Structures are given as C-alpha cells and as structure tokens.
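In: generate a structure from the sequence data that follows.
(2 chains)
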Amino acid sequence: MSLAFQLLGTDGTARRGRIATAHGTVETPAFMPVGTAGTVKAMLPQSVAATGAEIVLGNTFHLMLRPGAERVAALGGLHTFMNWPGPIVTDSGGFQVMSLKELRKLDPDGVTFRSPSDGSQHRLTPERAIEIQHLLDADIAMSFDECTTWPVEEPAAAFSMRLSMKWAERGRRAFQDRPGYGLFGILQGSTFPALRAESAKALTDIGFDGYAVGGLAVGEGQEAMFATLDTTLPQLPADKPRYLMGVGRPADLVGAVRRGIDMFDCVMPTRAGRTAQAFTRRGELNLRNARHRDDPRPIDAACACPACAHHSRAYLHHLIRSEEILGAMLLTWHNLHYYQDIMRGLRDSIERGALGHYIAAFEEEQGKGDIPPL
RNA sequence: GGAGGGGUGGCCGAGCGGUCAAUGGCAGCAGACUGUAAAUCUGCCGACUUCGCGUCUACGAAGGUUCGAAUCCUUCCCCCUCCA
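Out: Predicted structure coming up:
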C-alpha cells in the first residue's frame, strides 16, 4: 500500500488531487484513455501524451491472450513494450466477465474464458489477475470482479457483488505492496443503495489504495448513475482516489466530478472517433453526415488539436467517407484532446472554487448545439 | 459472314412461370457506440404515400402465349467472345 494520493482542494463535493505513481504523477480529476491491447487505437503514445493525458489504461484479459503477460514482462513490462513511460492502470478482466458473457464460465473460484480470436481456453482468478498485472508492471492494478449486468434483480446483484467482494479480498492478499504501486477495489451492487453501501464497507474494511465504482454506465442511464454516486461516494474514504470505471460522455464526466469522482476511463472518445463521431463544446457531430461535405470550418474553432488547427470538416468528412486511416486518427486525437480540455477546465475551476460557473458555462454551450454553416 | 453468350433498380450482380418492387454486394441517407470480440453494428434505400401486407410504374423495345411473365415464344435494337 504505497500509492500516495494528495487531496489538494475541494469545491463542494468535487475534489482536486494528485496521485504519485512509480512512473509519474497524475493530476486529478483525470481522464485515462483506453489502450486495451497495449495501444490507444489510432494514436501514437506521444500523441496521447500531447493531448494532456498522463495515464492510460491497459487490459489484463487482452494482454494475457496476446501477446501474453510473461512475454510482456520479459520485454521489460508494458511501459517499455508500448513505449508509454507514464503511469498505467490495468483493468482486471472483470469487464470481460460481462462483455464476453457468451464465451465464459463463472465459478466461485474464478472465470474460464474462451478466446474470442482462436477459441482457446484461459483461466482468470483473483490471484492470477493480480499476478498478470504485476507482470505487466501496472502502476495501478484493479481487483478482479464481475461487472454486474443491467437490468438485474436485487438478489442477483447481491450475489454478484458479494462474489466480487470475496475476490477483492483474495486479490488484496495476492498483491505485493511496492512504493509507487497500488491496488484499487471495485464496488458493485448495481443501482441498489443498500448493496452499494455493503460493497463500500466490505472494500474499506479490506483497505485499498483507491476505490473504483464499477457496474455503472451499463444501461441504467445518467440519472440512475448519478443517484448511485450521490448515495455511494460519501461512504468512501476522503483520502483515497475514487475511480468511476467506463465513463463516459462529456456531461457524464462533468456530473461525476461534481459528485466527487477523481478518475475515469472510457472507450467513448477513441471508439466514437473511429466511427466518425466528434465531441465538441457545442455537442456531438457525426462527420459522416452529408451536411459536412462542403463545410470549410474546423470541428471546433475553440480546439487546439491538430484536426481542428489544420483541417476542415469537409476534409475530415472526405477522409471518413474514403475510409482513410487518417480520418480515424484525427477524430480520435480531437476527441481525446477535447476530453482533456474538459478535465483541465474541471481541475482549474475546482482550484479556484469556481466549479459551479464552469459547469453552468459547459451546459449552456452544450445546449446551444452546433453552429450551422453559412 | 458463321457460331455462341448476354442486356435486371445509381453501379456490380442473383433470379429463370406465380409467394418478385425483385437475393447479395457497393454507392447513397440516417442512427447507435460508456472498465473495446468494434476502422464496428443497425435501419432506410423505384415513385407516390392517409407510411398500411396501399396505389402506380418497372427487369433493352414492341408484340404474343398464359388465369398469371423479369422468367416461355416472335421480331427488332444494342453489347461481348470465338471462327472466318
């Protein structure tokens, strides 16, 4: 247990902090781009850093299958392997327990997966998930859990959550404490306040370097997600970072930070970028749409990313229509840059005690919608 | 000149007597995407439309056979291959 978290300030329930890891510090609230298979898709590591991201996420399950955790370790660990010298967090494979439901068998001890690529069998237990994350050299490791599906009946959610809590305890025992490295526990319990409370107590009793809220943004909707955060976050220790897993859209990030979340990861900016969607200060844009065909304007005039600095919507539209790789690259870059702009804005306004103003301005501008072409 | 093959919705291309406004693919028009089985997936895609298994016009052209034809017959037009 030696991942230092410093709480630098607060504004209401929102927090401004700093995490010190073996590979550098992370200013929070932070958005962590998803690099599942050892790459933030369509981005060079240095480009990811250029957007302002300080930490990226890798995945235990995917890297275990290919190229293999032992191989990554032999090649110097994930930082060296993917040339990302900064901090790395790794998901435990818990999300795949949900997303690969059809390809896995769950038992009290762990989960047996069939590989989506070649059908081969792979076993993940709470202990093995930690071992793999050690091999990958993740600065922040995550407990192996079962990401509970939604909707779910309360008894099933309770059963699933309690299993995850047992696994969290086993993972905690397997985790080797080293300076600059930490292990986070993951809360479950779906949208049931009593289950979330039970989960929070179970994890804080065990004691982790940080606490993640899992099992949200799986279909319950923003209102239910925020309601769950409202009742759950006060039960977590103030001196540890809080990570909302798999979230989200810009408005989700803003609302969750206001409620006291310090960290996020989400495929949204990268995946949406590869599928033609751009997030902007004035809402979302689908660059595949014909209306951009003759538009000489940038995606977002207020954005400093390469896509907005040097290229028109018409050109981006052309690249996407032509299935040119550069289209996916530029839109991914833009989305990640905009996400980091949001995080910078949130951190800055919390420091100044002006979060309320920031959010009001954010919501007003988002609500305006895109400026129509002349 | 002779022999053979073929002309199908923006394009390519199935269909070869009814259940065909016509399989697929591409292009086109939209939508979705939240700890990545995702550079993916879904819907629409002749015209009209009260958006309904409704009406109309359609499978080179014109006739014909048939209860019924994109599918069979006749003539014509055009394209391709091979032989002279």
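In: wait, A:Gly9 touches A:Glu351, no?
Out: Yes - under the criterion of CB atoms under 8 Å, A:Gly9 makes contact with A:Glu351 at 5.8 Å. Glycine gets a C-beta too; all of them are placed from N, C-alpha and C.
In: what touches both of the two?
Out: Common neighbours of A:Gly9 and A:Glu351, counting by CB atoms under 8 Å, 6 or more residues apart in numbering, are A:Arg16.
In: over to the most centrally placed residue in chain A. Which of the three states is it?
Out: Residue closest to the average C-alpha location in chain A (CA atoms, centre = their mean): A:Asp265, at 0.9 Å. Following DSSP: H, G, I helix; E, B strand; the rest coil, the label given to A:Asp265 is strand.
In: so where's the stretch 1-150 of chain A shaky on pLDDT?
Out: A:1 (pLDDT under 70).
In: can you give me the helices for it?
Out: In the stretch 1-150 of chain A, the helices defined using DSSP state H, counting those that start in this stretch lie at A:45-50, A:60-65, A:69-74, A:78-82, A:94-99, A:126-136.
In: so which of those helices is nearest RNA strand B?
Out: When the helices of the stretch 1-150 of chain A are compared by CB to the nearest atom of the strand, helix A:94-99 sits nearest RNA strand B, at 3.2 Å.
In: buried set for the closest one?
Out: With burial defined by 16 or more other CB atoms under 10 Å, the residues of helix A:94-99 counted as buried are A:Gly94, A:Phe95, A:Gln96, A:Val97, A:Met98.
In: could I get the residues you listed in TSV, plus columns for distance to RNA strand B?
Out: Output for those, formatted as TSV (distance: CB to the nearest atom of the strand, whole Å):
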residue	distance to RNA strand B
A:Gly94	3
A:Phe95	4
A:Gln96	5
A:Val97	8
A:Met98	6
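In: ok, back up a step: reformat the helices of the stretch 1-150 of chain A into TSV and put distance to A:Pro155 next to each item.
Out: Output for these, formatted as TSV (distance: least, CB to CB, whole Å):
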stretch	distance to A:Pro155
helix A:45-50	42
helix A:60-65	28
helix A:69-74	35
helix A:78-82	39
helix A:94-99	18
helix A:126-136	23
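In: out of those, which is closest to A:Gly189?
Out: Proximity to A:Gly189 (CB to CB) singles out helix A:94-99 among the helices of the stretch 1-150 of chain A, at 14.0 Å.
In: which strands and helices sit next to that closest one?
Out: strand A:104-107 (3 or more CB pairs under 8 Å, 6 or more residues apart in numbering; DSSP states H and E).
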